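**Student:** The following comprises the amino acid sequence and a computationally predicted model.
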Amino acid sequence: MAKPRPRPQLNLRVAHLYDDAAGIPADHWSRLFYEQVYCAFQEEDFADLYEAGGRAPLSPSLLASLSILQYMYKASDRVAVENSLMRRDWRIALGRTPEYEGFDPSVLCTFRQRLVAHQAQRQIFETVLQRVQELGLLKNHHRVRVDATELLADVAVLSRGDLLREALRIVVCDLAKARPKLRRRLDFRRLYEQYGEEVWLGGSRDSEQKLSDLARDGQLLLRLCGPYEVAGKETLARLLEENFLFAEGQDPIPRPPEELPPEHIATPHEPDAEVGKNGQKIWTGDKVHIVETIGPAGEPGFVVDVLTTSPRVPDAVLLPEIMERLRFRFPQVDTILADSGYASAANSKLAAALGLNLISPPRLENTKGIIPASEFRFDFAREVAWCPEGQPSSSWRVGQKLHIKFSRPVCRACRRRAECTTSPSEPRTLTLSADYEQLLSDRERAQRPEFAKLYSQRAGVEGTISELVHRYGLRRSRYRSGPKRALHSLLSNAALNVRRLLRALASGSGPQAAIFSIFSSLYRWLWSGFRARPAAFGGVLAAA
């Protein structure tokens with residue numbers, strides 16, 4: 001398919017100017033959408049997604065804008081295309097002329113595949129965000145808040161028996177198509193008759209013997225595949241390795257559920273979907289980190305960054321990347337608000353080095369039933385610590401951790417030994433973070449009233465996540481595979497930003513929003529006058 005052609009710089013024959021019938025006011029969202037969102041997409045920006053030759057493609061600007069409207073109204077591909085034909089506000093928002101006849105809904109699916117294949121999932125989100133910046137709506141936003149939520153993969157929760165049986169079915173069916181002569185063999189014919197159709201076992205039939213039988217059939221099927229490329233072959237081999245112990249001359253032994261590796265496969269249809277756990281909550285999919293600005297008066301701003309990661313990546317590990325991206329792209333940001341999951345002494349040090357003020361409650365101390373380290377005194381310059389009884393340390397060693405040790409004779413004679421250590425003979429030792437001095441400073445700062453006042457503004461991001469989940473469908477991915485789940489989260493946040501952009505322009509807020517509103521109204525007034533008295537305006541143009 002050929003590369004898209006650039007749109008003419010001046011195109012007057014568009015729906016928001018052509019459609020002058022009563023019923024839709026001049027400041028309606030559809031007109032603002034066309035002027036600020038649709039026109040922000042340029043055809044040449046998508047040229048890398050297409051080949052040099054072939055027939056001209058459908059406008060990528062139209063497909064990108066329609067993808068945003070899909071999420072704003074939670075519409076499927078088919079419904080979105082129908083709305084672009086049947087709904088007047090959608091036609092205006094997309095700049096469609098009366099000659100527009102729609103297109104096949106599968107084109108939207110192909111467009112998403114092109115975005116993923118060229119690693120351009122962020123392009124729509126970044127274009128909307130760039131338009132927000134151009135309008136000056138982020139100029140006075142100096143603080144951001146960060147939080148994460150779970151993104152569920154579009155898969156069912158399977159028992160171990162159903163998981164293995166479905167993996168066998170995928171391989172058997174594809175192998176039968178790739179090598180039809182195998183059906184003459186009795187062993188393959190048995191496998192095809194047994195696993196060729198969907199049959200769900202349920203958790204009640206996951207006996208060890210049944211699982212062992214499935215493992216033996218899986219090994220036989222892998223041998224029949226040989227060197228041929230078969231769909232699901234690698235997934236089946238990995239499932240057998242994760243779920244069973246194999247010994248020469250013995251039946252496969254199922255591993256206990258608690259011995260499964262953390263990154264084990266949860267479904268054969270999406271092998272990259274991992275199992276995440278947060279407290280009592282367990283899900284299969286990803287984790288989405290939202291970075292949202294805060295307005296001057298504490299009101300919600302715009303989502304300026306979205307990161308989709310494995311659910312097993314700790315929040316504190318990802319925060320350095322978030323801070324570096326913020327410092328590079330939004331140098332006006334000076335404060336980050338995050339919950340305690342993002343806090344660490346190393347992150348506090350990095351934030352200070354980048355000129356950022358990290359407002360995140362430091363982690364609490366785990367006492368383990370003995371005197372906590374917070375009751376000890378430390379002199380980091382002299383490298384010495386004193387216990388609650390005033391005895392100095394005998395050893396201070398810094399590596400990946402800070403190791404502090406006290407004298408054995410002194411500890412044995414101490415009257416509080418039972419409260420200080422559980423060892424019957426060894427002295428008290430402290431194994432602390434190498435950044436423990438920073439951690440103590442963070443804990444002291446967290447007790448100040450100004451810290452609590454700033455941190456109270458973080459709660460607003462919970463409302464943003466709730467809006468993303470309930471209004472834009474963020475919680476469950478529409479599409480399968482990791483890159484498409486990331487695209488789903490980016491489109492959800494792009495739709496949120498567009499709605500907030502339209503709301504800001506309609507209300508006249510922002511440094512340039514009022515100016516835009518004046519010129520937009522003047523432009524529409526001039527065009528309406530031109531349509532009412534074309535001869536008069538034509539004479540003026542001819543004279544010019």
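**Tutor:** Alright, I've got the coordinates. Residues are numbered from 1 along each chain as shown.

**Student:** Residue 264: what's it in contact with?
**Tutor:** Residue 264 makes contacts with 242-243, 275, as judged by Cβ atoms under 8 Å, 6 or more residues apart in numbering. Any C-beta I mention is one placed from the backbone N, CA and C, and that applies to glycine too.

**Student:** what about it, distance to residue 493?
**Tutor:** Look at residue 264 and residue 493: by Cβ to Cβ, to the nearest Å, they are 30 Å apart.

**Student:** Stretch 182-191 spans what distance, first to last residue?
**Tutor:** Distance between the boundary residues of stretch 182-191 (Cα to Cα, to the nearest Å) amounts to 11 Å.

**Student:** what's the pLDDT at the residue lying closest to residue 361 once chain neighbours are set aside?
**Tutor:** With sequence-adjacent residues excluded and distances taken as Cβ to Cβ, 6 or more residues apart in numbering, residue 361 is closest to residue 340, at 4.5 Å. At residue 340, the model reports a pLDDT of 91.

**Student:** can you tell me which residues contact residue 340?
**Tutor:** Applying Cβ under 8 Å, 6+ apart to residue 340 gives the contacts 360-363.

**Student:** can we see that at 10 Å?
**Tutor:** 315-316, 360-364, 446 (Cβ atoms under 10 Å, 6 or more residues apart in numbering).

**Student:** coming back round to it: filter the contacts of residue 264 down to the buried ones.
**Tutor:** Those of the contacts of residue 264 that meet the buried threshold are 243, 275, by 16 or more other Cβ atoms under 10 Å.

**Student:** quick one: which of the contacts of residue 264 is nearest to residue 311?
**Tutor:** The nearest member of these to residue 311, counting by Cβ to Cβ, is residue 275 at 7.1 Å.

**Student:** Check which helices and strands the longest strand anywhere in the chain sits against.
**Tutor:** Assignment by DSSP state E gives strand 281-294 as the longest strand of the chain. Packing contacts for strand 281-294, counted by 3 or more Cβ pairs under 10 Å, 6 or more residues apart in numbering; DSSP states H and E, involve strand 143-152, strand 274-278, strand 300-309, helix 315-329, strand 335-338, helix 460-472, helix 482-507.

**Student:** mind redoing it with 7 Å?
**Tutor:** strand 143-152, strand 274-278, strand 300-309, helix 315-329, helix 460-472, helix 482-507 (3 or more Cβ pairs under 7 Å, 6 or more residues apart in numbering; DSSP states H and E).

**Student:** Quick one: the ones you listed as TSV, columns for distance to residue 182 and mean pLDDT too.
**Tutor:** Shown next, in TSV, are those (distance: least, Cβ to Cβ, whole Å; pLDDT from 0 to 100):
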stretch	distance to residue 182	mean pLDDT
strand 143-152	37	94
strand 274-278	34	87
strand 300-309	40	93
helix 315-329	47	93
helix 460-472	47	94
helix 482-507	32	94
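
**Student:** can I get those in CSV with distance to residue 176?
**Tutor:** Formatted as CSV, the helices and strands packed on strand 281-294 follow (distance: least, Cβ to Cβ, whole Å):
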stretch, distance to residue 176
strand 143-152, 32
strand 274-278, 30
strand 300-309, 36
helix 315-329, 44
helix 460-472, 42
helix 482-507, 28
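
**Student:** Compare those and give me the one nearest residue 175.
**Tutor:** helix 482-507 (25.8 Å).

**Student:** how far off strand 281-294 does that closest one point, in degrees?
**Tutor:** Relative orientation of helix 482-507 versus strand 281-294 (axes from the mean of the first three to the mean of the last three Cα atoms, to 10 degrees): 40 degrees.

**Student:** in helix 482-507, what's buried?
**Tutor:** 482-502, 504-505.

**Student:** same check, this time on stretch 368-383
**Tutor:** Buried residues in stretch 368-383, counted by 16+ other Cβ under 10 Å: 371, 373, 376, 378.

**Student:** How far does it sit from its chain's centre?
**Tutor:** Averaged C-alpha coordinates place stretch 368-383 at 39 Å from its chain's average position (Cα atoms, centre = their mean, to the nearest Å).

**Student:** what do you get for stretch 79-98?
**Tutor:** 30 Å.

**Student:** Between the two ends of that stretch, how far is it?
**Tutor:** First residue to last in stretch 79-98 (Cα to Cα) measures 19 Å.

**Student:** pLDDT of it, averaged?
**Tutor:** For stretch 79-98, mean pLDDT is 91.

**Student:** for stretch 183-195, same thing?
**Tutor:** For stretch 183-195, the per-residue pLDDT averages 89.

**Student:** got it, and stretch 396-405?
**Tutor:** 89.

**Student:** now what about it, what contacts it?
**Tutor:** 383-385, 393-395, 427, 429-434, 436 (Cβ atoms under 7 Å, 6 or more residues apart in numbering).

**Student:** Excluding residues flanking it in the chain, which one is nearest residue 176?
**Tutor:** Counting by Cβ to Cβ, 6+ apart, residue 192 is the residue found nearest to residue 176 once chain neighbours are left out, at 5.8 Å.

**Student:** Which of the contacts of residue 340 ranks first by neighbour count?
**Tutor:** For the contacts of residue 340, the largest neighbour count, defined by other Cβ atoms under 10 Å, is 26 neighbours, found at residue 360.

**Student:** which ones are touching that one?
**Tutor:** The neighbours of residue 360, taking Cβ under 7 Å, 6+ apart as the test, are 338-340, 342-343.

**Student:** Filter those residues down to the buried ones, PyMOL style.
**Tutor:** Burial among the contacts of residue 360 is assessed by 16+ other Cβ under 10 Å; the matching PyMOL selection reads:
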select buried, resi 338+339+342+343
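
**Student:** Can you tell me which of the contacts of residue 360 is closest to residue 170?
**Tutor:** residue 342 (39.2 Å).

**Student:** thought that closest one was touching residue 319?
**Tutor:** Yes: Residue 342 is within contact range of residue 319, at 4.6 Å (criterion: Cβ atoms under 7 Å).

**Student:** that older thread, need the worst-confidence member of the contacts of residue 340.
**Tutor:** residue 364 (79).

**Student:** Tell me how many other residues surround residue 115.
**Tutor:** Residue 115 has 25 neighbouring residues, counting by other Cβ under 10 Å.

**Student:** distance between the strand or helix carrying it and the chain's centre?
**Tutor:** Using DSSP states H and E, residue 115 sits within helix 106-117. Here helix 106-117 shows a centroid-to-chain-centroid distance of 19 Å under the convention Cα atoms, centre = their mean.

**Student:** If you count neighbours, what's buried in the longest strand of the chain?
**Tutor:** If you call a residue buried by 16+ other Cβ under 10 Å, then strand 281-294 has these buried ones: 283-294.

**Student:** Which one of those is nearest to residue 4?
**Tutor:** residue 288 (30.3 Å).

**Student:** Tell me if I'm right that that closest one and residue 151 touch.
**Tutor:** Yes: Residue 288 is within contact range of residue 151, at 4.9 Å (criterion: Cβ under 7 Å).

**Student:** Identify the contacts common to those two.
**Tutor:** Residues touching both residue 288 and residue 151 by Cβ under 7 Å, 6+ apart: 308, 474, 489.

**Student:** Of those residues, just say which sits nearest to residue 138.
**Tutor:** residue 489 (20.5 Å).

**Student:** so the closest one makes contact with residue 150?
**Tutor:** No: the criterion here is Cβ under 7 Å, and residue 489 misses it with residue 150 at 11.0 Å.

**Student:** Could you pull out the strands in the stretch 301-450 of the chain for me?
**Tutor:** Listed in chain order, the strands found in the stretch 301-450 of the chain under DSSP state E, counting those that start in this stretch are 335-338, 357-359, 377-379, 384-386, 395-398, 401-405, 429-433.
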